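> here you go, sequence then predicted model.
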Amino acid sequence: MFCNGIVSSRVNGEDVSTNNIKNKIKQLIKLENKNKPLSDQAICDLLNKEYIDISRRTVAKYREELGIKSSSKRKRV
């Protein structure tokens with residue numbers, strides 16, 4: 001089986017590409033409150049509300065692939 005950038009996530013019955021999900025994660029982190037950054041679970045919950053079926057572990061994996069630090073390391077005091 002060949003990987004074409006499509007994950008098993010679906011939005012309204014359509015496949016969502018890995019790149020689209022990564023872009024959504026980047027956008028959410030860009031807009032987050034820097035004093036209280038979003039956890040991987042919070043990002044997961046927000047994406048699930050947009051009908052993107054994704055796990056917290058997958059969010060963490062994509063965040064790491066994007067070179068984005070964890071929420072505790074992004075926090076500004």
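In hand now; what should we look at?
> contacts and neighbour counts: CA atoms only from here.
Fine.
> so who does the most centrally placed residue in the chain touch?
Closest to where the C-alpha atoms of the chain average out (CA atoms, centre = their mean) is residue 25, at 3.7 Å. By CA atoms under 8 Å, 6 or more residues apart in numbering, residue 25 lies in contact with 43, 59, 63.
> and for residue 41?
56, 59.
> distance of it from residue 33?
16 Å (CA to CA, to the nearest Å).
> re the thing from before, buried set for the helix or strand containing the residue nearest to the centre of the chain?
In the assignment (DSSP states H and E), residue 25 maps to helix 18-31. Across helix 18-31, burial judged by 16 or more other CA atoms under 10 Å covers 18, 21, 22, 25, 26, 28, 29.
> mind checking how far stretch 47-61 is from the chain centre?
Here the centre of stretch 47-61 is set off from its chain's centre by 6 Å, with CA atoms, centre = their mean, to the nearest Å.
> next, the buried residues of stretch 31-40.
Quick answer for stretch 31-40 (16+ other CA under 10 Å): 37, 38, 39, 40.
> distance check, residue 52 against residue 76.
Where residue 76 is concerned, residue 52 sits at a distance of 29 Å (CA to CA).
> between these two, point out the one with more neighbours.
residue 52 (19 against 11; other CA atoms under 10 Å).
> for the more buried one, give me phi and psi.
phi -100, psi 110 (degrees, to the nearest 10).
> returning to that earlier point: just the buried residues of stretch 31-40: which are in helices?
If you go by DSSP state H, the buried residues of stretch 31-40 have residue 40 in helices.
> in TSV, list the buried residues of stretch 31-40 along with distance to residue 72 and pLDDT.
Shown next, in TSV, are those (distance: CA to CA, whole Å; pLDDT from 0 to 100):
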residue	distance to residue 72	pLDDT
37	8	97
38	9	97
39	8	98
40	11	98
